[in-house]
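Trainee: need coordinates for the below:
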Amino acid sequence: MTPAKTLTMTPAEEYRLIARSGLFDVNHYLLEAPDVVADGADPLVHFCRFGAREGRRPNLYFDPAWYAGLYLGGNPGGVNPVCHYIRLGERRGLRPIGYFEPGWYARTYRLRRGTSPLRHYLTHRRSQLYAPNALFDVAWYLERHGAEIGRNRDAFAHLLRHGARRDLAGSPGFDAGAYRARHGLSAAPASALVVDQEACNPLVHHLKAQAAQEFASGEFASGEFASGEFASGEFASGEFANEELARHGAVRRPWWRRILR
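Mentor: Predicted coordinates:
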């Protein structure tokens with residue numbers, strides 16, 4: 001693994017890299033960060049300066065805290081986990097979150113070289129044609145819950161939202177109820193607004209354990225689906241002009257000057 005210190009970037013460099021990666025979901029970030037809305041801050045600038053190190057998620061399929069804990073040794077160097085994933089992690093098969101398998105996804109859907117598996121899924125997840133992991137059968141799941149999910153919705157997001165409370169299985173090969181009993185997982189309170197997925201959702205618990213086992217054994221390393229930018233290690237360098245930041249939706253320009261020093 002490349003030492004984290006070699007990936008240290010300024011907030012401006014992080015901004016440029018993440019902005020062009022397509023991995024930052026503004027709507028998702030704002031829904032989970034009402035304080036950012038109240039401050040009137042540009043979501044991506046806030047993420048680069050504060051959010052990534054605070055463990056805030058840039059999209060539903062990237063968990064910075066989990067990624068740093070498993071792959072970066074807790075991230076003592078303070079590297080932005082998303083930038084690490086873009087430049088190195090994805091092409092090495094590291095998962096952005098336990099339930100997204102980039103290597104499996106690229107092979108299963110025969111992505112062209114140069115295509116980011118995570119970006120592809122984020123772009124097409126509502127089409128209900130793609131699964132984020134091998135244990136989720138989209139067609140099978142929709143046969144059982146399609147009426148509840150509706151069209152143009154992320155089917156796996158439904159499992160994340162309801163699976164912990166109802167022991168929903170993502171495919172016929174995974175028995176969520178039996179897994180819960182075997183591993184002694186606690187049940188999610190019916191009244192809880194926020195559910196600890198790792199502690200309560202059987203499928204998520206299994207996939208995260210699988211990711212840790214893969215990393216420990218070295219099974220994740222393949223590099224066969226490295227994208228052009230990621231494979232070359234290209235990234236933004238130098239200070240990023242306020243004018244360019246503004247073109248990505250910046251507001252309150254004096255705020256940028258304060259945080260991008």
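
Trainee: which stretches in the stretch 51-200 of the chain count as helices?
Mentor: Using DSSP state H, counting those that start in this stretch, the helices of the stretch 51-200 of the chain run over 52-54, 64-71, 81-84, 102-108, 117-124, 138-149, 155-166, 176-183, 197-200.

Trainee: show me the contact partners of the next helix or strand after the last one.
Mentor: The one in question is helix 197-200. Next in sequence after helix 197-200, counting helices and strands by DSSP states H and E, comes helix 202-217. Helix 202-217 is touched from outside by 66, 70-71, 93-95, 98-99, 133, 135-136, 159-160, 163-164, 167, 169-170, 174, 176-177, 179-180, 183, 185, 197-199, 219-220, with contacts defined as C-beta atoms under 8 Å, 6 or more residues apart in numbering. Every C-beta, even on glycine, is put in place using the N, C-alpha and C of the backbone.

Trainee: could you give the angle of helix 202-217 to helix 155-166?
Mentor: 110 degrees (axes from the mean of the first three to the mean of the last three C-alpha atoms, to 10 degrees).

Trainee: returning to that earlier point: out of the contacts of helix 202-217, which are buried?
Mentor: Buried by 16 or more other C-beta atoms under 10 Å: 66, 70-71, 93-95, 98-99, 133, 135-136, 159-160, 163-164, 167, 169-170, 174, 176, 179-180, 185, 197-198, 220, out of the contacts of helix 202-217.

Trainee: per-domain residue ranges of this structure.
Mentor: Domain ranges of the chain: 1-94+236-261, 97-219, per automatic domain parsing.

Trainee: which of those domains comes out lowest on mean pLDDT?
Mentor: For the domains of the chain, mean pLDDT drops lowest on domain 1-94+236-261, to a mean of 76.

Trainee: can you give me every residue that contacts the most centrally placed residue in the chain?
Mentor: Centroid-nearest residue in the chain: residue 62, 1.5 Å away (criterion: C-alpha atoms, centre = their mean). With contacts defined as C-beta under 8 Å, 6+ apart, residue 62 is in contact with 23, 81-82, 85, 96-97, 118.

Trainee: any of those buried? List them.
Mentor: Applying 16+ other C-beta under 10 Å to these flags 23, 81-82, 85, 96-97, 118 as buried.

Trainee: now the strands for the stretch 1-150 of the chain?
Mentor: Using DSSP state E, counting those that start in this stretch, the stretch 1-150 of the chain contains no strands.

Trainee: related to what we said a few turns ago, so for residue 31, which of the helices of the stretch 51-200 of the chain sits nearest?
Mentor: helix 155-166 (12.4 Å; C-beta to C-beta).

Trainee: distance check, the closest residue to residue 75 other than its chain neighbours against residue 177.
Mentor: Leaving out its chain neighbours, the residue that sits closest to residue 75 by C-beta to C-beta, 6 or more residues apart in numbering is residue 68, at 3.7 Å. Going from residue 68 to residue 177 by C-beta to C-beta, to the nearest Å gives 32 Å.

Trainee: quick revisit: farthest-apart pair in the buried ones among the contacts of residue 62, please.
Mentor: 81 and 118 (12.8 Å).

Trainee: next up, the contacts around the residue nearest to residue 75.
Mentor: 74-75, 79, 81.

Trainee: of those residues, select the buried ones using a PyMOL command.
Mentor: For the buried members of the contacts of residue 68, the matching PyMOL selection, counting by 16+ other C-beta under 10 Å, is:
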select buried, resi 75+79+81
